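# need coordinates for the below:
(2 chains)
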Protein chains: 2
Amino acid sequence: MKIQLWSLGKNNEPYVKEGVALFTQRLNHYFPTEWKIIPQPRNTASLPPEEQKNKEAESILALLKKDDYLVLLDERGKMMNNEALAQFLQARANASEKMIVFLVGGAFGVNDAMKQRANFTWSLSPLVFPHQLMRLMLAEQLYRACTILKNEKYHHT
Amino acid sequence: MKIQLWSLGKNNEPYVKEGVALFTQRLNHYFPTEWKIIPQPRNTASLPPEEQKNKEAESILALLKKDDYLVLLDERGKMMNNEALAQFLQARANASEKMIVFLVGGAFGVNDAMKQRANFTWSLSPLVFPHQLMRLMLAEQLYRACTILKNEKYHHT
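Sure, this is the predicted structure:
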């Protein structure tokens, strides 16, 4: 199974870059992992949120393959503790998924078409975080889940 | 009301330093805010977790003033969304608290004496994060809560 981490928008916050690189590199020891930073569709910044979300969804849906298992990160999704996340990842690998895509949505969330395409909607927290910080949190959590599956020492219970 | 952010342990992860500094500086525009990084008590790293937690609690309880309002961050605490966090902060200020202390515990959590001293136990997420990353998440969330209270543009609902 390969992991792809998709995120919409800019990639310009130096305060998260180093951490994202660090944990992505570590995660890559367990599953081949790649980031895809999807640029904000052009000329949409002044549109109303609903139309922005529609344009964003078009860009993202065009990039997804039919068999990609899509995990949408959204604060209204289902929450999991560390053990449950580890088991979730293991279950996807056991089901022979070829590609699992974790998508951090745009600033206004995602539209209904995206929600329907998602195989699973995951809430890391009931709190909203800046989406560049979410990238760091996501990479760290997936790395942590892999260490749990391998019984390694990183995670204290 | 003043805010203090207390955290136990090291302060050596370059990947969070810049972000913590950024959001602490922003938070400081709303409430005078200071970090206190409490060193791990000496010669405790090889002790069993329970004894480590007891030593840590002694260091922390010795630093707390009687009137300090202590918010303990723990994944088993009560969760709040962004609006609820903003209202929580406002309620403390309305109650004329002089000092609110947010404490990020050590790697093994905290002992019962600390739990009893806490005025509130707050879970940012059911997931455990590295405590240096928790510092960044905490500073960003408190800043975000202040912008919500002031109706500023940072937070999209």
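
# use CA for all of it now, contacts and neighbours both
Will do.

# now the helices for chain A?
Here chain A has its helices, by DSSP state H, at A:14-27, A:49-63, A:82-94, A:112-117, A:131-149.

# which helices and strands sit right next to the longest strand along chain A?
In chain A, taking DSSP state E as the definition, the longest strand is strand A:69-79. Judged by 3 or more CA pairs under 8 Å, 6 or more residues apart in numbering or on different chains; DSSP states H and E, strand A:69-79 is in contact with strand A:99-104, strand A:120-123.

# most packed of the ones you listed?
strand A:99-104 (a mean of 22; mean count of other CA atoms under 10 Å in any protein chain shown).

# does any bit of that strand sit next to chain B?
No - on the criterion CA under 8 Å from any CA of the partner chain, strand A:99-104 is out of touch with chain B, staying 15.1 Å away.

# and that strand with helix A:49-63, angle?
Strand A:99-104 runs at 160 degrees relative to helix A:49-63, counting by axes from the mean of the first three to the mean of the last three CA atoms, to 10 degrees.

# could you check how far strand A:99-104 is from the centre of its chain?
5 Å (CA atoms, centre = their mean, to the nearest Å).

# now the angle between strand A:69-79 and that strand, please.
In terms of direction (the same axes, to 10 degrees), strand A:99-104 departs from strand A:69-79 by 50 degrees.

# helices and strands around strand A:99-104, which ones?
strand A:2-8, strand A:69-79, helix A:131-149.

# of the ones you listed, which approaches residue A:98 most closely?
strand A:2-8 (6.1 Å; CA to CA).

# and that closest one, which strands flank it?
Strand A:2-8 sits in its sheet next to strand A:33-38 (parallel), strand A:99-104 (parallel), going by DSSP bridges.

# residues of chain A that sit close to chain B?
A:15-19, A:79-82, A:107-108, A:124-129, A:137, A:140-141, A:156-157.

# ok, back up a step: identify each buried residue in the longest strand of chain A, please.
Neighbour counts over strand A:69-79 (16 or more other CA atoms under 10 Å in any protein chain shown) mark A:69, A:70, A:71, A:72, A:73, A:74, A:75, A:79 as buried.

# now the fifth one. Nearest residue, chain neighbours left out?
Spatial nearest neighbour of residue A:73, chain neighbours left out: residue A:122 (4.9 Å); criterion: CA to CA, 6 or more residues apart in numbering or on different chains.

# surely the one you found touches residue A:84?
No - the pair residue A:122 and residue A:84 does not pass the contact test of CA atoms under 8 Å, sitting 11.5 Å apart.

# sweet, I'm off.
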